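Trainee: here is the input, now give the coordinates:
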Amino acid sequence: MKRSSIGPFLDLTLAMALVGSSVVAGKIITREFPVFLASGLRFGLAMPVLILLLLAKERRLPALVWRDYRVLFLQALTGVFLFSLFLLYGLRYTTSSESGVITSTTPGVTALLAALILGERLNRWKWAGVGLCVAGIAALQLGSGGEGGAEGARGSAHLLGTVLILGAVVCEGLFTILGKVMTARLSPLAVSTMVVAFGFVLFLPLAVYEARSFSFSQASMAGWLSIVHYALAVTVLGFVLWYRGVSKVSAATAAVFTGVLPVSALILSYLVLHEELRAAHGLGMLLIFGGILCAARERPSDKRVEAA
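Mentor: You can find the predicted model right below:
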């Protein structure tokens with residue numbers, strides 16, 4: 001298989017592997033930084049880097065019409081800001097195992113959104129890939145047990161937690177769908193730059209509020225390096241690779257590659273944080289790998305999706 005054929009799949013795989021590393025970095029960051037301050041620092045550092053890269057490569061900022069601004073802002077609002085908000089507060093009201101099972105539906109939800117919004121047709125190989133990926137992620141999450149979260153929470157609070165986690169799943173799906181739309185008009189680098197800029201603006205007020213009572217001198221070198229990793233590797237490189245891959249394959253196929261994220265997070269947590277690996281984790285990885293093989297039967301194309 002030629003590099004031009006496997007290139008988009010490699011981009012999607014590496015992007016999700018980098019995003020998976022954010023789980024390890026995030027555990028270090030949240031021990032020392034408030035969540036919104038950390039997000040503000042992440043996007044505040046990533047934004048100028050992306051702008052400089054964009055100017056160096058394309059010599060100018062993208063020419064946007066009002067519709068582009070709306071879609072890019074909606075992409076940052078849903079896939080960056082609301083996703084973080086829903087996931088953060090959803091975990092307070094439901095268990096981590098239940099949240100894991102719900103988030104395992106992300107490939108399926110994204111595929112359905114692709115069919116509804118983009119009119120993509122899902123053949124049997126795409127459905128098989130999505131199904132195997134959902135099953136694999138669920139196996140990984142169930143194998144990790146039910147640590148953390150609001151264990152035993154029930155009633156209206158538990159329902160609220162479930163709804164918030166489902167909201168996070170939909171937001172993550174929209175992040176891919178809207179990215180597919182925007183890469184029809186803009187380069188992956190331009191889309192990444194604009195989404196990160198909007199993300200920074202959205203997080204800025206809460207980041208400033210948390211910064212007022214935070215002692216920056218108490219943060220360790222490991223904490224600051226984790227912020228830098230989150231900004232440069234996960235956000236700058238991860239976003240560009242993801243959008244470059246999404247621009248070449250269907251959104252449903254791209255959704256299958258989100259299964260790489262928990263696999264990467266699991267392996268890195270084992271290597272760096274010395275967390276336990278279980279038999280269910282191995283089964284989950286095999287199922288996800290099978291799903292990716294099914295999705296990889298699609299031939300990458302340079303065809304663009306026209307924005308509605």
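Trainee: when you work out contacts or count neighbours from here on, use the C-alpha atoms and nothing else.
Mentor: Noted.
Trainee: what about Leu122, distance to Val130?
Mentor: For Leu122, the distance to Val130 equals 10 Å [CA to CA, to the nearest Å].
Trainee: between the two, what contacts are shared?
Mentor: Jointly contacting Leu122 and Val130 under the rule CA atoms under 8 Å, 6 or more residues apart in numbering are Ala111, Ala252.
Trainee: between the two, who's got more neighbours?
Mentor: Using other CA atoms under 10 Å as the criterion, Leu122 and Val130 rank with Val130 on top: 34 against 17.
Trainee: any idea whether the more buried one is helix, strand or coil?
Mentor: Assigned with DSSP: H, G, I helix; E, B strand; the rest coil, Val130 falls in the helix class.
Trainee: hmm, Gly108 and it touching each other?
Mentor: Yes: contact criterion CA atoms under 8 Å: Val130 and Gly108 qualify, at 5.8 Å.
Trainee: overlap in contacts of the two?
Mentor: Shared contacts of Val130 and Gly108, counting by CA under 8 Å, 6+ apart, come down to Ala255.
Trainee: now do the helices in the stretch 1-150 of the chain.
Mentor: Secondary structure of the stretch 1-150 of the chain (DSSP state H, counting those that start in this stretch): helices at 3-32, 35-58, 66-76, 83-93, 96-103, 106-113, 124-143.
Trainee: mean pLDDT lowest where, among these?
Mentor: With a mean of 62, helix 96-103 has the lowest mean pLDDT of these.
Trainee: nearest to Ala207, of the helices of the stretch 1-150 of the chain?
Mentor: Ala207 sits nearest to helix 35-58 of all the helices of the stretch 1-150 of the chain, at 4.0 Å, using CA to CA.
Trainee: helix or strand: which one has the closest residue to Val71 other than its chain neighbours?
Mentor: Of all residues not flanking Val71 in the chain, Leu178 sits nearest, at 7.0 Å (CA to CA, 6 or more residues apart in numbering). When elements are assigned from DSSP states H and E, Leu178 belongs to helix 156-182.
Trainee: helix or strand next in line after that helix, which one?
Mentor: Heading C-terminal from helix 156-182, the first helix or strand you meet, by DSSP H and E, is helix 188-211.
Trainee: what helices and strands are in contact with that following helix?
Mentor: Contacting helix 188-211 under the criterion 3 or more CA pairs under 8 Å, 6 or more residues apart in numbering; DSSP states H and E are the following elements: helix 35-58, helix 66-76, helix 238-246.
Trainee: can you give me the buried ones in the helix or strand that contains Ser269?
Mentor: Per DSSP H and E: Ser269 is located in helix 260-272. Buried residues in helix 260-272, counting neighbours by 16 or more other CA atoms under 10 Å, are found at Val260, Leu261, Pro262, Val263, Ser264, Ala265, Leu266, Ile267, Leu268, Ser269.
Trainee: from those, pick the one nearest Leu74.
Mentor: Nearest to Leu74 among these is Leu261, at 23.2 Å by CA to CA.
Trainee: tell me how far the closest one lies from Tyr69.
Mentor: The spacing between Leu261 and Tyr69, counted by CA to CA, is 29 Å.
Trainee: from memory Val256 sits against Gly291, does it?
Mentor: Yes: using CA under 8 Å, Val256 is in contact with Gly291, at 6.7 Å.
Trainee: where do the contact lists of these two overlap?
Mentor: With CA under 8 Å, 6+ apart, Val256 and Gly291 have common neighbours Gly129, Val130, Cys133.
Trainee: contacting residues around Thr106?
Mentor: Thr106 neighbours (CA under 8 Å, 6+ apart): Val134, Val169, Val170, Glu172, Gly173, Ala255, Thr258.
Trainee: okay, now the unreliable bits of the stretch 201-308 of the chain?
Mentor: 298-308 (pLDDT under 70).
Trainee: please redo it, this time with the cut-off set to 80
Mentor: Flagging of the stretch 201-308 of the chain using pLDDT under 80 yields the residue ranges 262, 265-266, 269-270, 272-281, 295-308.
Trainee: before we move on, the earlier item: next, the angle helix 83-93 makes with the helix holding Leu178.
Mentor: If you take axes from the mean of the first three to the mean of the last three CA atoms, to 10 degrees, helix 156-182 sits at 160 degrees to helix 83-93.
Trainee: just want the angle from helix 156-182 to helix 66-76.
Mentor: Going by the same axes, to 10 degrees, helix 156-182 makes 140 degrees with helix 66-76.
Trainee: and the average pLDDT for helix 156-182 is what?
Mentor: In the prediction, helix 156-182 has an average pLDDT of 85.
Trainee: what do you get for stretch 185-196?
Mentor: The pLDDT scores in stretch 185-196 average 94.
Trainee: please report how far the residue of the chain most remote from its centre lies from Ala38.
Mentor: Distance from the C-alpha centroid of the chain, by CA atoms, centre = their mean, peaks at Ser217 (30.3 Å). Per CA to CA, Ser217 is found 15 Å from Ala38.
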